[in-house]
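S.K.: build the 3D model from these lines:
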Amino acid sequence: MSAVLLQDLSRGVLELTLNRPAKKNAIDNPLWMALGDAFLEAAENPAVRCVLIRGAGDSFSAGVDLASFGQAEGGGEHPFERAARAVANFDKPLVAAAHGVAVGGGATLLFHADMVYAGESLRLRLPFAALGLVPEWASSYMLQANIGAQRAAELMYTADWVPAERALALGLVAEVLPDDALVAHARERAESVAQWPVSALREIKRCMRLPHREGIEAAFRAEAAGMQRQVGSADNIEAVTALLERRPPRFHCDDQTG
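M.R.: Next up is the predicted model:
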């Protein structure tokens, strides 16, 4: 078992805890690998009827740990992509408990959860435009499917912070609770799901997700192509440099009118 991803199986619920609290659970390659392994194993384990995912410390996840992201060993599939596929293809109910910051991959992971419960401290952000990048984890489709095209576009294009109450109003989360009551409530909800036969739960999820499979796959392909074009671009380099230097970015103007 990985130290960066705690696992506890009880009453049919596999509780996964992102465990890098000093880094606000920013996800590096070892944690991506552990996440992918955990979801693939949970799908095959008949004792697991539901998964609950949460973050240790004061946040759910600050997203990709840029300082240690690196390349895939041997040039194969990156642990990031492997984890994304494992979560997107997970065929049992997934419950999430999110508090503090949920940024980038720490937010898009939530879009694949069947039920999301938020702590009052939750602040969610999709920073892709601000980083000169494109969305990932099929979020360009999943967000629209969850909250509608116009609301999704507003969050993607503006990169605004979304507090818990607005996340509730938008339909990104099912309920907002005090932070100190969040995990217990999410665990109780997960256990209420896990009381039923896993065969029925799987079939229900298959029926609910089947209409979205084509859109999810198309989004994975489009995002991968867009990311390949944008990573290392002048705008992406300027965005990251400005972030490290704690200053506003100075993006070039493509049409030369600005």
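S.K.: worst-scoring helix or strand of this protein, pLDDT-wise?
M.R.: helix 234-244 (a mean of 92; mean pLDDT, DSSP states H and E).
S.K.: what residues does that one touch?
M.R.: Applying CB atoms under 8 Å, 6 or more residues apart in numbering, the contact partners of helix 234-244 are Leu66, Ala130, Leu131, Gly132, Leu133, Gln230, Pro248, Pro249, Arg250, Phe251, His252. The C-beta positions use only the backbone N, C-alpha and C, and glycine is treated the same way.
S.K.: contacts only, for the closest residue to the second one other than its chain neighbours.
M.R.: Spatial nearest neighbour of Ala130, chain neighbours left out: Ala159 (4.3 Å); criterion: CB to CB, 6 or more residues apart in numbering. Residues near Ala159 by CB under 8 Å, 6+ apart: Arg125, Leu126, Pro127, Phe128, Ala129, Ala130.
S.K.: most neighbours out of these, which is it?
M.R.: Comparing those by number of neighbours (other CB atoms under 10 Å), Leu126 comes first, having 27 neighbours.
S.K.: do you know how far the residue nearest the centre of the chain is from His99?
M.R.: Taking CA atoms, centre = their mean, the centroid of the chain lies closest to Leu109, which sits 1.5 Å from it. Separation of Leu109 from His99 (CB to CB, to the nearest Å) stands at 14 Å.
S.K.: what does Glu41 give?
M.R.: Taking CB to CB, one finds Glu41 at 26 Å from His99.
S.K.: higher neighbour count, these two?
M.R.: Higher neighbour count among Glu41 and His99: His99, with 26 against 13, using other CB under 10 Å.
S.K.: which SS state does Val48 fall under?
M.R.: coil (DSSP: H, G, I helix; E, B strand; the rest coil).
S.K.: isn't it right next to Ser10, touching?
M.R.: No: if you go by CB atoms under 8 Å, Val48 and Ser10 don't touch, sitting 10.7 Å apart.
S.K.: ok, the two, which is more surrounded?
M.R.: Val48 (19 against 11).
S.K.: tell me the confidence at the more buried one?
M.R.: Here the pLDDT value assigned to Val48 is 98.
S.K.: now swap in the one 4 residues further on and tell me
M.R.: Reading off the per-residue confidence, Leu52 sits at a pLDDT of 99.
S.K.: give me the number of residues near it?
M.R.: 26.
S.K.: so where's the stretch 51-200 of the chain shaky on pLDDT?
M.R.: 68-76 (pLDDT under 70).
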